[in-house]
Every structure is written in C-alpha cells, then in structure tokens.
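Q: Fold the stuff below for me.
(2 chains, ligands or ions: 1)
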Amino acid sequence: MKQAGVGVGRKLLVASAIVLGTWTAVAQSGEHGGVPESGDPSLQGWLLPDTPPYPAGNEPTEERIALGKQLFFDPRLSGDGNMSCATCHNPMFGWSDGLPTARGHKSMVLKRATPTIVNAAYNTIQMWDGRKKDLEDQATGPLETSVEMNADFKRMFEFLNLNQGYKRAFEKAYPGEGINKQTIAKAIASYERTIVSNDSPFDRWIKGDKDAMTEQQVRGFRLFVDPAKGNCAACHSAPNFTDNGFHNVGLASSAGENADPGRYAYKPIKILKGAFKTPTLRDVALTAPYFHDGSAKTLMDVVEHYAKGGEVKEHLSPNIRKLDLSRQEKEDLVAFMEALTSRHEPVTLPKLPLN
Amino acid sequence: MNHIKTVATAALLVISATATAAEYEVTQKNKAFSVKELNIKVGDTVKFTNQDSFFHNVFSLSDLKTFDLGSYPKGEYKKVTFDKAGKVEVECAIHPSMLMTINVE
Ligand SMILES: [Cu+2]
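A: This next block holds a predicted model:
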C-alpha cells in the first residue's frame, strides 16, 4: 500500500515540474492588470469580522476575558513561578518576544520563533506545524511543555484552588464548571480572542478612506496581490493574510539532515517537508525578527528572500519563484506591510489575586 | 457455505469489471473541493482539477487507498481510479481545511 503511494508521488513530481513553466507563463500574460481603487466592493473580502468566531460553550463574556487575562499574565502558573504566556507573547513586542527563536524554561533556546498571537483567533489552525486546531486546544500546551512553562499541574491546581480570588473568578466565569484544564483553556482562549488587529491604514483604505495609505503603500498592495509581481496573496490571502496553509519557502535552515520537518511530522506528504503555516501579516511590522527560524531581521530581508526565489530549492513550494522586482518595488512592498499595523488601545495589566 | 460466498464475490467482480466505468470530475476552487462527498462504483475514476490561481495538492492516507498526486497549478488535473469498495478521505496537504470523502460502492 505505502509502496504504491510513494511510487505515484515520484512519477507525478516530474509532471508537476513540467507544469510549473506553463503556470508562470499564464500568470505573466494576464490576471494582474489594475487593482481596484480604495473602497471598491470587490476588495471588501479583505476586511475581518469585528470579533473573531468562538466555539459553542465558550462565548466570550467580560468575566471570562478578565480571568483569561489574569491567567495569561500570571507567572505563578509555571514550574519555576517566573514565566507567563506574556513572557514570550509580550505586548511590547507585538505579542511576540523580539527573539530569533523562543527562550523557554531555564532560558533554554527553543527551535522555533514565538509567533504573534494577534489575530490567531481568526485562524482555523494553530502552531507553525498546525498541530493544534484552535485556541482552546492550544492553551494548556505551553503550560505542560517541559521546555516552556514546565508547570506541575497538580501544584498549579492546588495553587488556583487555594487562591480565593481565582476561585471566585472561575466561579463567575464558568459557574459550576470548576477549575480544570478545560476552564483554564477556555478562559485564556477568550482573552486571546480580544487581541485583534483589524483597524490598520489598509483596513481604512479598503473601506474607502483614500488617504489612509500613502501612494507608495497602495503601489505595494498592487505588487502584493499581482501574480506576476509579488504573488504574495497566493498564500497571504484575505482577510487575515493567511491561507491557513503550509508551504516550504526555501529558508537556508531547511537544508540538511537535522532540518526541522515542520508540517511533515504530522502529515507525511512530500510537499510538506519543511513546510510551515503561513503567518498573518497584520501588525507584522511589530514582530521582527521573521520566519519560524528567526532568520530574517527586517521586512526588507524577507522581501529579498522571496525575490531570490528562496535559498534552498529542495522542497520549495511551487508558488515560490524568482521575482522580477526593482529596488523601488521591494521598498513599496515593505511600505505596504507597514500599513497593516492597527491603532491599539494601550494594554493595561491585570491585578493578580495574591491569595 | 464459505465456498459459495467466494464464488459469488468473484462473479460480482467480473460484472463490475466489464460494466463501463464512469469518470467523475471534482474541482478545487476557492480553497475547497467542489463536493464534500461523492458516491462512485468500484472501477470508476475521479479527475481532480485545480481551478485556483495557486497550487493545490491531492492526497489520501486512507486504509483503503493511499496516493499523493503532488501539487499542480490552475487548469491541470490528475486522475485516480478506485478499485476497492469502501470509504476514502481525500485531502489537500497545503490547505488542511480542504477535505472530502469518496464512497466507493
Ligand atoms: Cu489546497
């Protein structure tokens, strides 16, 4: 059975390589043309719903959000009592950590970069390799992971149950449901659903405010969506600048035996070798460095990477190829990505219940 | 008893092999398969056509049938013939929300 599958894959790989040429030609011969102007009805698909979706049984209420915020910022949940979700998903760094890859328990250097949690609530799959399906599913993972918060669950539940402030907050948020993994996960997820970026200059331009983006940024948007130029929207698609999909973008780190397999570890399909989830680009100007391995310092580095068509071609996504972009056009793309930062209310820190 | 059963199955197989097999088309558009579910007969072929302007993949890791059609662009298609009865889950590896089921009778 397996053998047959592998055989088929190999034969067809040749076929798809031949096809690649035709596709490029098609893209170059048409399809682009003028992108509609500010406010055009055809662009409204880029707007995000005001509030993200939530699962049945966990409608975000004020009490749930407030409890989730306390848990998110409380370092006492971790094994050493010194690391919270916000240590890595830090609002001062666009809800990431400003590091190439994360630093976990006892400052261990982790393999992958901390993604922002901005707009994670709009996505249909979580983590660089998609191993979690939604925010509830994800929330207790980092607590348990020994290289991250390394929480001792028994001790953590003891702490929460002895803490009158938390006991009351759980009872108000989830009456009768108790303090357990589910209610912790549901509360944290409810808070994460409030961490949203959907009021950027780009959003205002889409809604019809012609002056919300500069001329350069508008040019950048055209290049971004033009299949013959940036071709970025093939993957960073509307409305959250992600297709919730997995691609190998040819990072230097994807070569060699010890390369991170990415999505392939969960779905052993050839094209998923070294493939990672397309991240949102909303608020991306706040979250340098970039890529799952932190290898790009600036947005210009990212654009240069794509312009070259990637470093390592071995399992490269067929949607990535050498781009025909002038220096000016590269700068336009960067300027456009800078138009994706929302105006944010200042983040206020919660008071944590001492006992 | 057992013997008769085997003969009956064998006869059935012959009939279905000689009956003309049908070909179905499933398209991939707007990051979805055109149908969520498809009922076909043993021996039928399904043609998977990409109608989006970016690449899709088609694969299955079902017990009944494993295949990986690789990834291909707009306008291209690949075909799979289903030779055993049962249920086959078909997915796109690039976009995990793209899922469909083929019931082979
Ligand atoms: Cu797909």
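
Q: how deep is whichever residue of the stretch 151-300 of chain A sits closest to the ion tucked in, by neighbour count?
A: Relative to the ion, the nearest point of the stretch 151-300 of chain A is A:G245 (6.7 Å; C-beta to the ion). Using the backbone N, CA and C atoms, a C-beta is placed for each residue, glycine as well. Neighbourhood size, A:G245 [other C-beta atoms under 10 Å in any protein chain shown]: 29.

Q: what does chain B put close to chain A?
A: For chain B, the contact set with chain A under C-beta under 8 Å from any C-beta of the partner chain comprises B:31, B:53-55, B:57, B:59, B:61, B:66-76, B:78, B:93-97.

Q: List the residues that contact A:G178.
A: Neighbour list for A:G178: A:F170 [criterion: C-beta atoms under 8 Å, 6 or more residues apart in numbering or on different chains].

Q: can you map out the helices along the stretch 101-250 of chain A?
A: A:135-139, A:141-144, A:153-162, A:164-173, A:181-192, A:201-206, A:215-225 (DSSP state H, counting those that start in this stretch).

Q: Counting neighbours, which bits of the second one end up buried?
A: Neighbour-count burial for helix A:141-144, with 16 or more other C-beta atoms under 10 Å in any protein chain shown as criterion, is recorded at A:142-143.

Q: just stretch A:164-184 next, same as before
A: A:166, A:169-171, A:173-174, A:179, A:182-184.

Q: And that stretch, end to end?
A: 16 Å (C-alpha to C-alpha, to the nearest Å).

Q: Check stretch B:72-79 too.
A: End-to-end for stretch B:72-79, by C-alpha to C-alpha: 12 Å.

Q: what does stretch A:253-266 give?
A: Stretch A:253-266 end-to-end distance (C-alpha to C-alpha) = 19 Å.

Q: quick revisit: among the helices of the stretch 101-250 of chain A, which is nearest A:T51?
A: helix A:181-192 (11.3 Å; C-beta to C-beta).

Q: So what touches stretch A:309-318?
A: A:16, A:20, A:23, A:235, A:247-252, A:254-255, A:270-271, A:273-275, A:305, A:320-323, B:55, B:71, B:73, B:94.

Q: Alpha carbons only: can I get it in CSV?
A: C-alpha atoms of stretch A:309-318 as CSV (Å, rounded to 0.1, in the frame of the first residue of the first chain):
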residue,chain,number,x,y,z
GLY,A,309,13.1,32.6,-5.0
GLY,A,310,14.3,31.2,-1.7
GLU,A,311,17.7,29.8,-0.7
VAL,A,312,17.1,26.1,-0.7
LYS,A,313,15.1,24.6,-3.5
GLU,A,314,14.8,21.0,-2.4
HIS,A,315,11.2,21.0,-1.2
LEU,A,316,10.4,24.6,-2.2
SER,A,317,6.7,25.4,-2.7
PRO,A,318,5.9,25.7,-6.4
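
Q: What's the mean pLDDT across that stretch?
A: Averaging pLDDT along stretch A:309-318 yields 96.

Q: cool, and stretch A:217-236?
A: The average of the pLDDT scores along stretch A:217-236 is 97.

Q: so, in contact with the ion or not, that stretch?
A: No: using C-beta under 5 Å from the ion, stretch A:217-236 never reaches the ion; the gap is at least 10.9 Å.

Q: Now do the same contact list for the most centrally placed residue in chain A.
A: Among the residues of chain A, the one closest to the centroid is A:P279, at 3.6 Å (C-alpha atoms, centre = their mean). When contacts are counted by C-beta under 8 Å, 6+ apart, A:P279 touches A:115-116, A:242.

Q: cool, and A:N82?
A: Applying C-beta under 8 Å, 6+ apart, the residues near A:N82 are A:P75.

Q: Distance-wise, check it relative to A:N150.
A: For A:N82, the distance to A:N150 (C-beta to C-beta, to the nearest Å) stands at 10 Å.

Q: for stretch A:312-323, the distance to its chain's centre please.
A: 21 Å (C-alpha atoms, centre = their mean, to the nearest Å).

Q: what's the span of that stretch, first residue to last?
A: Termini of stretch A:312-323 sit 15 Å apart (C-alpha to C-alpha).

Q: buried residues in that stretch?
A: Going by 16+ other C-beta under 10 Å, stretch A:312-323 has these buried residues: A:312, A:315-321, A:323.

Q: just checking, A:N163 touches A:N355?
A: Yes: counting by C-beta atoms under 8 Å, A:N163 does reach A:N355; the two are 5.8 Å apart.

Q: Who has more neighbours out of those two?
A: A:N163 (19 against 8).

Q: for the chain, what helix or strand is lowest in average pLDDT?
A: All of this refers to chain A. Between all helices and strands in chain A, the lowest mean by mean pLDDT, DSSP states H and E belongs to helix A:2-29, at a mean of 31.

Q: Okay, helices next: where are they in chain B?
A: Secondary structure of chain B by DSSP state H: the helices cover B:2-18.

Q: got it, and the stretch 251-355 of chain A?
A: Using DSSP H, counting those that start in this stretch, helices in the stretch 251-355 of chain A cover A:299-307, A:327-338.

Q: For these, please prepare TSV with the additional fields distance to the ion and mean neighbour count.
A: As requested, the helices of the stretch 251-355 of chain A are exported to TSV (distance: least, C-beta to the ion, whole Å; neighbours: other C-beta atoms under 10 Å in any protein chain shown):
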stretch	distance to the ion	mean neighbour count
helix A:299-307	20	18
helix A:327-338	24	20
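
Q: right, and these - which one's nearest A:S107?
A: helix A:299-307 (26.0 Å).

Q: Next, the angle from the closest one to helix A:327-338.
A: 120 degrees (axes from the mean of the first three to the mean of the last three C-alpha atoms, to 10 degrees).

Q: I'd like to know which elements helix A:299-307 is packed against.
A: helix A:327-338 (3 or more C-beta pairs under 8 Å, 6 or more residues apart in numbering or on different chains; DSSP states H and E).

Q: Next, the angle helix A:215-225 makes with the helix it packs on.
A: 90 degrees.

Q: Surely A:N248 and A:K277 touch.
A: No: contact between A:N248 and A:K277 fails when scored by C-beta under 8 Å: they sit 11.6 Å apart.

Q: Now that A:E136 has come up, it's in contact with A:N58, right?
A: Yes: A:E136 is in contact with A:N58 according to C-beta under 8 Å; the separation is 6.8 Å.
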